[in-house]
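Enquirer: Return atomic coordinates for the entry below.
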Amino acid sequence: MPHTLLTLNYDVLSHILPLLSVHDAAQLALASRAAYVFAFPRIIADVSLGGLYHKPGGSALSQLTSFCNFVLAPAPAWHGAPNARLDALQSLQVMRDAVRVRKDGVWTTDPSAAALLSSVIARAHNLQKLILWGSDALFTVYPDFCLSSSPSIHTLVLGGDIPSLSTLSRAFSHVRTLEFIAGSGSCAPDWAILTNDTVDTSKLAPWQKTLDRVDTGFPILPLACPVRQVDLRKPLVSDTYMLFCACEFLRRTRPVVLSASTSAVLTEEEIGAVLDGEVVAPGLRFLDLVGDRCEGVKEGSEWMTRVTNTLATLQVPLLGLSLSVTPSIPPMIVSSTLKPSGAPTPAHTVRTEPVDMTALARSLAERIHSLQFVALDLSAAPGATEGEKAWFRAYDAGAERRVERVPEVEGREMSKKMRMLNRWD
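Expert: Numbering: from 1, shown residues only. The predicted model follows:
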């Protein structure tokens, strides 16, 4: 008997299904009921609702209502269990317009849509990632929004206007990864930059032992609970209040793995002020630091030297360190016919002598005795080459410290392992 796609065993089919595009899976589902059952999980695994600003008014809300009613309705017997539709949902993104309705000429959030969406989020027991835009409005019009959210939700991504952390922790108590994404209206809300030293940690009780990673562009000062990994995306510059907020944020979260970006001209004192030798530094095990807008290889290596001096002074017990740079913004090219007379000609990037990456890594290992892994990358600096990027293993050889250069594949694997470090490593 010849084998067809649908006669293959599930172990084989499970490897084939992810290779299908959503469009192809939808076409396959039209072939037969058996094909529908096979293709359906691929179709509904990752769903995005709304974002249809170019469509007629109300179409996004209709899309959300139709989708929610469909997955909440019992699946037919030939499809499997009654909750087969909901069980296939793994990732859900909801845009602002998906819950908005026009009343008296004004767009407002529809409470019934918020309630319907909340029901889906509560009953989708395989939902792992939830992306919400403008979530503050959902909690405002429907205060019980997501109070019984599925414990399977481990990643919460928020954009636009955001409710308070106490509201979020109460609604999503099982979240392990919290991410604030860039976009319109996603700048730091007022509650995120409060400098009150008497933060009530009891309001974040659900997250005290569950929150594993926070990815944000701005410090979140009320987040007073341990977080294993913190990604602080917005580059830190020479601004006293900005550096204070970053330091306070790290003091309250006490990360083990920290990814951050700083201005390439930040001084040793300013870098040290952020890492806070008494509270933040002792808990760090892996630091991924990016020097932002570096003007050249020389400036990049000088920034790395300043970071080295700071870490050695603070005696940070790092096991791994990754230092890299981003290029400065190139000057705008202006046509010669538009240039005013006497305008200076932009200077060309001058190629400097290549940096001895091994010597730089050895200097790091000698000054930070706990280091086991070093990654250095100056290749993005103007005038650099691809060769100015390297990974090293650091170790003790008797009374001296040595470094051994490793291939890129091995270096990237070591970097991944470093990002998985926890407080007991």
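Enquirer: Which residues are in contact with Ile121?
Expert: Counting by CB atoms under 8 Å, 6 or more residues apart in numbering, Ile121 touches 92, 127, 130, 146, 149-150, 153. All C-beta spots, glycine's among them, are computed from the backbone N, C-alpha and C.
Enquirer: want to try CSV for these, with neighbour count, secondary structure and distance to Arg367 as columns?
Expert: Below are the contacts of Ile121 laid out as CSV (neighbours: other CB atoms under 10 Å; DSSP: H, G, I helix; E, B strand; the rest coil; distance: CB to CB, whole Å):
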residue, neighbour count, secondary structure, distance to Arg367
Leu92, 24, strand, 48
Leu127, 25, coil, 47
Leu130, 24, strand, 44
Cys146, 25, coil, 48
Ser149, 22, coil, 47
Ser150, 20, coil, 48
Ile153, 24, coil, 43
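Enquirer: which of those residues lies closest to Ile43?
Expert: Ile43 has its nearest neighbour among the contacts of Ile121 in Leu92, at 13.6 Å by CB to CB.
Enquirer: hang on, the earlier thing: what is the nearest of the contacts of Ile121 to Val22?
Expert: Checking these against Val22 with CB to CB, the nearest one is Leu92 at 14.4 Å.
Enquirer: and the gap between the closest one and Phe67?
Expert: Leu92 is 9 Å from Phe67, where distance means CB to CB, to the nearest Å.
Enquirer: next one: Val94
Expert: 10 Å.
Enquirer: that older thread, now for Leu92 and Phe67: what residues contact both?
Expert: Common neighbours of Leu92 and Phe67 (criterion: CB under 8 Å, 6+ apart): 47, 49.
Enquirer: In stretch 71-84, which residues are buried?
Expert: By neighbour count on 16 or more other CB atoms under 10 Å, the buried set for stretch 71-84 is 71, 75, 83-84.
Enquirer: With pLDDT, distance to Gln208 and secondary structure as new columns, can those be given to me in a markdown table?
Expert: What follows is these, written out as a markdown table (pLDDT from 0 to 100; distance: CB to CB, whole Å; DSSP: H, G, I helix; E, B strand; the rest coil):
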| residue | pLDDT | distance to Gln208 | secondary structure |
| --- | --- | --- | --- |
| Val71 | 95 | 33 | helix |
| Ala75 | 93 | 38 | coil |
| Asn83 | 92 | 32 | coil |
| Ala84 | 92 | 36 | helix |
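Enquirer: quick one: the helix or strand encompassing Leu178 to chain centroid distance?
Expert: Take DSSP states H and E as the rule and Leu178 turns out to sit in strand 177-180. Strand 177-180 sits 6 Å away from the centroid of its parent chain (CA atoms, centre = their mean, to the nearest Å).
Enquirer: and it, what other elements does it pack with?
Expert: If you count contacts as 3 or more CB pairs under 8 Å, 6 or more residues apart in numbering; DSSP states H and E, strand 177-180 packs onto strand 155-159, strand 213-216.
Enquirer: now it: mean pLDDT?
Expert: For strand 177-180, mean pLDDT rounds to 95.
Enquirer: just stretch 101-109 next, same as before
Expert: 89.
Enquirer: Spell out which helix or strand contains Asp292, please.
Expert: Secondary structure from DSSP H and E places Asp292 in strand 286-294.
Enquirer: quick one, strands of the stretch 51-200 of the chain?
Expert: Taking DSSP state E, counting those that start in this stretch, the strands of the stretch 51-200 of the chain run over residues 91-94, 100-103, 106-109, 129-133, 155-159, 177-180.
Enquirer: so how far is Val214 from Arg254?
Expert: Distance from Arg254 to Val214, by CB to CB: 12 Å.
Enquirer: which residues do these two both contact?
Expert: Residues within reach of Arg254 and of Val214 at once, by CB under 8 Å, 6+ apart, are Val227.
Enquirer: can the helices and strands packed on strand 177-180 go into CSV with extra columns for mean pLDDT?
Expert: Formatted as CSV, the helices and strands packed on strand 177-180 follow (pLDDT from 0 to 100):
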stretch, mean pLDDT
strand 155-159, 95
strand 213-216, 95
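Enquirer: Now tabulate the ones you listed in TSV and tack on mean neighbour count and distance to Leu275.
Expert: Formatted as TSV, those follow (neighbours: other CB atoms under 10 Å; distance: least, CB to CB, whole Å):
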stretch	mean neighbour count	distance to Leu275
strand 155-159	20	27
strand 213-216	20	17
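Enquirer: any chance of the ones you listed in CSV, with distance to Ala98 too?
Expert: Output for the helices and strands packed on strand 177-180, formatted as CSV (distance: least, CB to CB, whole Å):
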stretch, distance to Ala98
strand 155-159, 13
strand 213-216, 23
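Enquirer: Nearest to Ala60, out of those strands?
Expert: strand 155-159 (15.8 Å).
Enquirer: by contact count, what packs against the closest one?
Expert: strand 129-133, strand 177-180.
Enquirer: Please identify which of the ones you listed is closest to Ser322.
Expert: Nearest to Ser322, of the helices and strands packed on strand 155-159 and by CB to CB, is strand 177-180 at 20.4 Å.
Enquirer: picking that back up, hey, what's in contact with both of Val94 and Phe67?
Expert: Listed as contacting both Val94 and Phe67 by CB under 8 Å, 6+ apart are Leu49.
Enquirer: For the residue nearest the centre of the chain, list each beta-bridge partner.
Expert: Note on the chain: the residue nearest the mean C-alpha position is Asp215, at 4.3 Å, using CA atoms, centre = their mean. Beta bridges link Asp215 to Glu179, Asp231, judged by DSSP bridges.
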